[in-house]
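J.: Got a sequence here, can you model it:
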Amino acid sequence: MKLMHVAKARIQAARETLLQFYRRYERFFPILFFLGGFAYDSLTLTRIDQLSDNLILLAYVVLAGGLILLIGLIDTGQIASQRILQYAKWYPNALQFLLGGLFSAYVIFYFKSAALSKSLMFVGILVGMLIINEFLHHRLLNITLLCTLYFFVVFAFLTFFIPVVTHKISRAQFFSSGATAFFVTGFIVTAIYRRIFREVPKKIVQTTSPMLALFGVMSYFYLANWIPPVPLALKEVGMYHHVHKQNNDYVVKFYRRYGFQFWVKDDSHFRYMPGDTVFCYASVFAPFEMRADVFYRWQWYDPKKEAYVMTDLLKYRISGGREGGYRGYTYKRNVREGNWRVDIETETGQVLGRIDFEVERVSERRGREMVAIK
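T.: Take a look at the predicted model:
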């Protein structure tokens with residue numbers, strides 16, 4: 001009995017210690033859960049074309065729309081059922097969870113596809129929306145804000161979901177995604193404010209104008225190539241002095257000036273000798289069964305113009321499904337000395353990635369030749 005009493009006392013003491021710890025650091029727990037959830041999504045959301053992941057996100061989108069409709073109907077007094085109203089305080093929490101899951105997934109998918117600083121700015125906006133959703137809970141009862149957020153959620157989802165389903169990517173699909181998102185959100189807005197719209201038609205403009213403005217911003221970002229080209233993603237890119245396909249592998253060759261330079265993985269500093277060929281190798285991930293054209297835009301920096309000028313625009317067609325991406329390369333001979341870069345783009349002009357390299361003309365061997373298998 002004495003041992004049992006001691007054990008109970010220790011359990012009670014441990015419980016009190018945990019409660020004191022929780023009360024002391026309670027304000028930090030939302031941040032910890034936020035970071036933990038984001039880390040979990042980072043590990044579990046591996047491929048943008050995974051059917052199970054897309055079905056879960058689709059379910060989140062549908063449930064979020066249903067909750068916004070429910071919150072709006074309660075806010076406008078169109079629901080009187082006590083069975084529904086007794087749980088009204090929990091609906092914003094559930095909506096916050098769904099929106100947080102969607103924004104978290106979008107950050108991961110778009111970040112994997114983002115390459116340039118302009119694209120990363122759009123990812124930064126997603127991160128901002130994710131943080132706002134986590135820490136501004138009290139704003140989730142503003143119906144206009146909710147509908148605007150939901151429009152963005154549906155728009156961002158459809159921009160990669162439709163290409164995954166249709167196995168194609170185009171500008172028409174992007175703008176049709178926006179139109180579909182506006183139609184779906186407009187249906188929810190109309191259901192919530194149908195009485196008010198009949199009495200005060202100006203309310204239609206007040207409620208839908210933020211969505212139209214966001215549609216315009218998204219369209220500008222897309223045309224300016226500020227939105228990452230999901231569902232495509234650049235997995236790897238490098239410059240080499242030799243590339244060839246051998247069975248199912250790609251053999252690449254590059255030089256290390258000194259043997260200890262283990263960090264040198266390609267010929268980004270290309271020591272060019274007469275007769276050399278400059279190769280740009282890349283692997284681009286695409287969803288299963290998707291086919292798309294990939295363009296290599298070779299550009300040389302002209303010191304007189306103080307700008308990069310395009311010298312070649314080369315392309316080939318890729319097919320999706322391979323985890324490591326579809327591998328391929330383009331090449332140039334008789335390359336001028338100076339600074340170069342190659343932009344790898346989609347057929348719509350969105351930049352998947354960029355590699356900068358320098359060409360230096362030399363008259364002797366450049367070091368030890370290294371061979372790698374891709």
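
J.: in a strand, that's where residue 278 is, yeah?
T.: Yes - checked against DSSP: H, G, I helix; E, B strand; the rest coil, residue 278 lies within a strand.

J.: Can I get stretch 111-126 as PDB, trimmed to CA atoms?
T.: Extracted C-alpha coordinates of stretch 111-126, given in PDB (Å, rounded to 0.1, in the frame of the first residue of the first chain):
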ATOM      1  CA  PHE A 111       8.400  25.700 -53.400                       C
ATOM      2  CA  LYS A 112       9.600  22.500 -55.200                       C
ATOM      3  CA  SER A 113       8.700  24.000 -58.500                       C
ATOM      4  CA  ALA A 114      10.100  27.500 -57.800                       C
ATOM      5  CA  ALA A 115      13.500  28.400 -59.200                       C
ATOM      6  CA  LEU A 116      14.000  32.100 -59.500                       C
ATOM      7  CA  SER A 117      13.600  34.900 -57.000                       C
ATOM      8  CA  LYS A 118      10.400  36.100 -58.700                       C
ATOM      9  CA  SER A 119       8.800  32.600 -58.300                       C
ATOM     10  CA  LEU A 120      10.000  32.400 -54.700                       C
ATOM     11  CA  MET A 121       8.200  35.700 -54.000                       C
ATOM     12  CA  PHE A 122       4.900  33.900 -54.800                       C
ATOM     13  CA  VAL A 123       5.900  31.100 -52.400                       C
ATOM     14  CA  GLY A 124       6.600  33.800 -49.800                       C
ATOM     15  CA  ILE A 125       3.000  35.000 -50.300                       C
ATOM     16  CA  LEU A 126       1.800  31.500 -49.700                       C
END
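
J.: buried stuff in it?
T.: By neighbour count on 16 or more other C-beta atoms under 10 Å, the buried set for stretch 111-126 is 111, 112, 113, 114, 115, 116, 119, 122, 123, 125, 126. C-beta here means a position set from N, CA and C on the backbone, and glycine is covered the same way.

J.: Return the distance of that stretch from the chain's centre.
T.: 7 Å (C-alpha atoms, centre = their mean, to the nearest Å).

J.: I'd like the average pLDDT over stretch 69-80.
T.: In this model, stretch 69-80 has an average pLDDT of 86.

J.: Do I have it right that residue 84 meets residue 70?
T.: Yes - using C-beta atoms under 8 Å, residue 84 is in contact with residue 70, at 7.4 Å.

J.: More neighbours: these two, which one.
T.: Neighbour tally, residue 84 and residue 70, criterion other C-beta atoms under 10 Å: the higher count belongs to residue 70, 18 against 13.

J.: Please report how far residue 69 lies from residue 206.
T.: Relative to residue 206, residue 69 is positioned 19 Å away (C-beta to C-beta, to the nearest Å).

J.: and if you look at residue 324?
T.: Distance of residue 324 to residue 206, given as C-beta to C-beta: 50 Å.

J.: what are the ranges of the strands in the stretch 151-300 of the chain?
T.: In the stretch 151-300 of the chain, the strands defined using DSSP state E, counting those that start in this stretch lie at 233-240, 242-246, 249-256, 269-272, 277-285, 291-302.

J.: returning to what we had before: of residue 69 and residue 206, which one has the most company?
T.: residue 69 (19 against 11).

J.: hang on, that one is in a helix, isn't it?
T.: Yes - Residue 69 forms part of a helix when assessed by three-state DSSP.

J.: Verify the stated contact: it with residue 191.
T.: Yes - counting by C-beta under 8 Å, residue 69 does reach residue 191; the two are 5.9 Å apart.

J.: Alright, that wraps it up for me.
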